[in-house]
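Asks: what's the 3D shape of this:
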Amino acid sequence: ARQIMPRMLKVSKMGGIDYFLELFSILYDLSNSRNQRLLSTTTIHLDNFEYNEKLKTLYNYVQDNYALKLTLQEVSEIMNMSSVSFNRFIKKCTGKTFVEYVNDVRIGFACKWLIEKDLSISEIAFSCGFNSIANFNRVFRKNKGRTPTEYRQDFSGIRRVL
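Replies: Residues are numbered from 1 along each chain as shown. Coordinates of the predicted model:
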């Protein structure tokens with residue numbers, strides 16, 4: 001990634017056919033690189049747990065409804081579990097509380113939108129299910145180690161490539 005970074009910064013300033021040729025060259029080099037790792041926020045690895053069906057149900061529900069107000073009571077009913085059992089289940093499977101898990105999913109979408117969309121940070125925060133910009137900034141900083149503005153600036157030269 002460090003070797004390709006100067007090329008990525010350079011390609012964002014190119015135009016025409018040179019842009020596409022260099023972009024495809026970079027993508028080809030990245031596809032053949034060793035030790036690849038996923039840069040997005042990960043949530044649940046379904047292969048690792050014995051409760052695959054319950055985890056799939058939880059994963060799909062949160063992915064489809066992250067922008068809404070999700071309560072522990074509501075989701076535990078969907079999972080056909082008591083709130084206490086669901087709390088134990090999600091903590092065992094993800095290592096996080098329900099609120100932490102939902103916030104991680106929301107921050108993952110926010111990161112994607114900060115890079116790809118020209119929406120304001122407050123629009124992204126509310127679209128991702130946060131009811132307060134202050135809470136969004138606090139959770140984002142805790143999760144990513146920087147503010148949403150800093151995160152967006154880190155990727156500003158690469159936006160066209162993505």
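
Asks: which SS class is the most centrally placed residue in the chain?
Replies: By C-alpha atoms, centre = their mean, the chain has its centre lying nearest to residue 108, at 1.7 Å. Three-state call for residue 108 (DSSP: H, G, I helix; E, B strand; the rest coil): helix.

Asks: could you check the distance from it over to residue 7?
Replies: 27 Å (C-beta to C-beta, to the nearest Å). Bear in mind the C-beta positions are built from the backbone N, C-alpha and C, glycine included.

Asks: swap in residue 112?
Replies: In terms of C-beta to C-beta, residue 112 sits 23 Å off from residue 7.

Asks: and if you look at residue 114?
Replies: With C-beta to C-beta as the criterion, residue 114 and residue 7 are 23 Å apart.

Asks: and what of residue 79?
Replies: Taking C-beta to C-beta as the measure, residue 79 falls 47 Å from residue 7.

Asks: and the two? which has more neighbours close in?
Replies: Comparing residue 79 with residue 7 by other C-beta atoms under 10 Å, the one with more neighbours is residue 79, at 18 against 15.

Asks: How much space separates the more buried one from residue 93?
Replies: From residue 79 to residue 93 the distance is 11 Å (C-beta to C-beta).

Asks: again, but for residue 116
Replies: Taking C-beta to C-beta, one finds residue 116 at 30 Å from residue 93.

Asks: So between these two, which is more surrounded?
Replies: Using other C-beta under 10 Å as the criterion, residue 116 and residue 93 rank with residue 93 on top: 19 against 11.

Asks: Check which residues of whichever strand or helix holds the more buried one are buried.
Replies: Per DSSP states H and E, residue 93 falls inside helix 83-94. Neighbour counts over helix 83-94 (16 or more other C-beta atoms under 10 Å) mark 86, 89-90, 93-94 as buried.

Asks: what about dumping the CA coordinates of it to CSV?
Replies: Written as CSV, here are the backbone C-alpha positions of helix 83-94 (Å, rounded to 0.1, in the frame of the first residue of the first chain):
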residue,chain,number,x,y,z
SER,A,83,-33.4,-9.2,26.7
VAL,A,84,-31.0,-10.8,29.2
SER,A,85,-30.4,-13.8,26.9
PHE,A,86,-29.9,-11.6,23.9
ASN,A,87,-27.4,-9.4,25.8
ARG,A,88,-25.4,-12.5,26.7
PHE,A,89,-25.6,-13.9,23.2
ILE,A,90,-24.4,-10.8,21.4
LYS,A,91,-21.6,-10.2,23.9
LYS,A,92,-20.4,-13.8,23.5
CYS,A,93,-20.6,-13.7,19.7
THR,A,94,-19.2,-10.2,19.0
